[in-house]
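1. this one's sequence-less:
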């Protein structure tokens, strides 16, 4: 049983209450606690030494990554982050100066986005460091974007370039908060999520939530220079396209808009954001299959995103 | 450097913003996100196998404890819990049925208090299980009780009985949510916290936040039958009183009220709550020292609460 199958079994058992607008299964939980025009976004995300970062990672970058992953999930709902709590699991001999460096990394990123670090705790985990970040944000009720709103005929977009994140981007990616809010403010974004487990897997999650399928254009998928380099020099056994589809930890936005909005969106984006580039990579279909159109024809997209096995 | 010294160094470096009413250092962070009459309470707490529970603990009890600790912190502010996110760190071979059992334990307790489990995630931690719970609650602005409001002359109260929690209570304690809200609704509670690290240590935290001292009456400190049994049969090297002062994980309420409220409070409590019992254990002093009055006289309270060493 992988993580997604287990989650599928657990979700129906979870207690709920009237404040829950969206529970488990989207990028953030969405809660109505009585704010006049806004919902709360609530998210946790953890990184573990040896799983999400190598043991020799500079501690500032660990702290930055842990906080950035939650920021990316707030962005995926077109939200504004407000505050975070940081929980550290640490071996007993972990130096206090390294704890301070972890906090420097998360504090710096938090400060740039106006996020308060309102507390947290440290606890013992003898074998390895882990960091769990809990984050609160808000989103205007009429601007919240879920995974479930994609419609047949929608154009599918991604920001930035995909694949090869392990070469460095997984530690110093830019959460697309400003871009996501601008998108929701200026266009009717039907569905959105961030790409954390690879385009192939995450697109499936979005399409599953939207009860739809898609056709991707292989030539339109933006492949990062890092993915090309890693394929060329043999550090990755994947083709650059496979890396872009499956590597994960891109932390770019994946979203859909009505096809009539696609060209105006691309034009307005270029005016607004010199970078990252915006790429239309395919379209949403009514049938649930996911296909890839290459120069050789159309084939089923068999690539899988990163799957967390228990 | 222990956890408290490190936290003391980290707190001034944490980014803040105008929504933060109380940041790191109280039982929960207190946030003003624009609710007309209420503040948000935001808390995370983690438990780790081998540190907070033995490896052979029934998984339902692990889930219950992890969620209950956060509920106890919401109670400490006189708040009402709303929703939780549960993050699990799991060895790769951990059975899905045990994950489901962990969730059963937390779900059952959550349901009893109207708390939604609105999501979370599982991640890999190869050597041992950990659970990090993030919780959101609310509290009426005029009812929120901090650690910092104790005044000289206040009577000091604790609920229930202290010490010997390891005999079982640490897994199946009752978060004092109803009791804490009743207290804040009916009396001017000056300062409150939950006892998680032992009365001796936690009282010092409350007094430090309130810039005050205290005199405790040794004979008035309620010692649990478990603490007495563990001292008698040699499972604990501590005297029963030392256990009540230092064992930790009691998850009872510690609070102060003006001395004139002490007798009316005790009377009203007995009417309202057949259990737990309420105990007046001493008084707040202006001088910062903490003393213990025994039958042999007054001595400085040298006992320490549980200190988390890094």
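-> Everything's here; your move. Quantities reported herein were computed from a predicted structural model and do not represent experimental measurements. Residues are numbered from 1 along each chain as shown, chains lettered A, B, ... in the order given.
2. quick one, what contacts the spatially most central residue of chain A?
-> What sits nearest the mean C-alpha location of chain A, by C-alpha atoms, centre = their mean, is residue A:194, with 2.7 Å. Residue A:194 sits next to A:27, A:72-73, A:75-76, A:176, A:202, A:251-254 when contact means C-beta atoms under 8 Å, 6 or more residues apart in numbering or on different chains. For the C-beta atoms, the positions are set from N, CA and C on the backbone; glycine is no exception.
3. and with 6 Å instead?
-> Listed by C-beta atoms under 6 Å, 6 or more residues apart in numbering or on different chains, the contact set of residue A:194 reads A:72, A:76, A:251.
4. what's the answer for residue A:159, then?
-> A:176, A:252-253, A:276, A:278.
5. State the distance from it to chain B.
-> Per C-beta to the nearest C-beta, to the nearest Å, residue A:159 is found 23 Å from chain B.
6. Equivalent analysis for residue A:77, please.
-> Residue A:77 is 13 Å from chain B, by C-beta to the nearest C-beta.
7. For the closest residue in space to residue A:216 that isn't next to it in sequence, pull up the helix or strand it's in.
-> Closest residue to residue A:216 apart from its sequence neighbours, by C-beta to C-beta, 6 or more residues apart in numbering or on different chains: residue A:282 at 3.9 Å. Counting by DSSP states H and E, the element that carries residue A:282 is strand A:278-285.
8. ok, that strand: who's next to it in the sheet?
-> strand A:155-159 (antiparallel), strand A:213-217 (antiparallel) (DSSP bridges).
9. Show me how far the first one is from its chain's centre.
-> It refers to strand A:155-159. Distance, stretch centre to chain centre, for strand A:155-159: 14 Å (C-alpha atoms, centre = their mean, to the nearest Å).
10. tell me the mean pLDDT for it?
-> For strand A:155-159, the mean per-residue pLDDT is 98.
11. Could you give the average pLDDT over the helix or strand following that strand?
-> Moving toward the C-terminus from strand A:155-159, the next helix or strand (DSSP H and E) is helix A:169-172. On average, the pLDDT along helix A:169-172 is 97.
12. Give me the buried positions along helix A:169-172.
-> A:169-171 (16 or more other C-beta atoms under 10 Å in any protein chain shown).
13. Tell me where the model's unsure across the stretch 1-150 of chain A.
-> Applying pLDDT under 70 to the stretch 1-150 of chain A flags residues A:1.
14. go with 80
-> A:1-4 (pLDDT under 80).
15. Which of the buried residues of helix A:169-172 sits closest to chain B?
-> Distance to chain B, by C-beta to the nearest C-beta, is smallest for residue A:170 among the buried residues of helix A:169-172, at 14.9 Å.
16. sec struct for the closest residue to the closest one other than its chain neighbours, please.
-> Using C-beta to C-beta, 6+ apart and skipping the chain neighbours, the partner closest in space to residue A:170 is residue A:249 (4.1 Å). Following DSSP: H, G, I helix; E, B strand; the rest coil, we place residue A:249 in the coil state.
17. quick one: contacts for the nearest residue to residue A:128 once chain neighbours are set aside?
-> In this structure, residue A:128 finds its nearest non-sequential neighbour in residue A:49, 3.9 Å apart by C-beta to C-beta, 6+ apart. When contacts are counted by C-beta under 6 Å, 6+ apart, residue A:49 touches A:55, A:128-129.
18. Kindly indicate the member of these with the most neighbours.
-> Within the contacts of residue A:49, residue A:129 tops the neighbour count with 22 neighbours, counted by other C-beta atoms under 10 Å in any protein chain shown.
19. wait, what's in contact with it?
-> Residue A:129 neighbours (C-beta under 6 Å, 6+ apart): A:49, A:90.
20. buried set for the host helix or strand of residue A:231?
-> Using DSSP H and E, residue A:231 maps to helix A:225-232. For helix A:225-232, the neighbour count (16+ other C-beta under 10 Å) marks A:226-228, A:230-231 as buried.
21. For these, name the two members farthest from one another.
-> Using C-beta to C-beta, the pair of these lying farthest apart is A:226 and A:231, separated by 9.7 Å.
22. How is chain A partitioned into domains?
-> A:3-140, A:155-300 (automatic domain parsing).
23. I'd like these written out as a markdown table, with distance to residue B:8 added.
-> Conversion of the domains of chain A to a markdown table gives the following (distance: least, C-beta to C-beta, whole Å):
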| stretch | distance to residue B:8 |
| --- | --- |
| domain A:3-140 | 11 |
| domain A:155-300 | 29 |
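24. quick one, which of these is nearest to residue B:287?
-> Residue B:287 lies closest, by C-beta to C-beta, to one member of the domains of chain A: domain A:3-140, at 29.3 Å.
25. what angle sits between the helix or strand hosting residue A:192 and strand A:155-159?
-> In this structure, residue A:192 sits in strand A:189-194 according to DSSP H and E. Per axes from the mean of the first three to the mean of the last three C-alpha atoms, to 10 degrees, the angle that strand A:189-194 makes with strand A:155-159 is 40 degrees.
26. Neighbouring strands - and their directions - for strand A:189-194?
-> strand A:253-257 (antiparallel).
27. what distance separates the strand it pairs with from the centre of its chain?
-> 12 Å.
28. quick one: the strands in chain A?
-> A:20-22, A:29-31, A:38-48, A:80-90, A:116-124, A:130-140, A:155-159, A:189-194, A:213-217, A:253-257, A:278-285, A:290-294, A:297-300 (DSSP state E).
29. quick one: buried residues of the second one?
-> Looking back up the chat, that one is strand A:29-31. A:29-31.
30. Chain B next: which of these are close?
-> Checked against chain B using C-beta under 6 Å from any C-beta of the partner chain, the buried residues of strand A:29-31 yield the following neighbours: A:29, A:31.
31. and which of the buried residues of strand A:29-31 is nearest chain B?
-> For the buried residues of strand A:29-31, the minimum distance to chain B (C-beta to the nearest C-beta) is 3.6 Å, reached by residue A:29.
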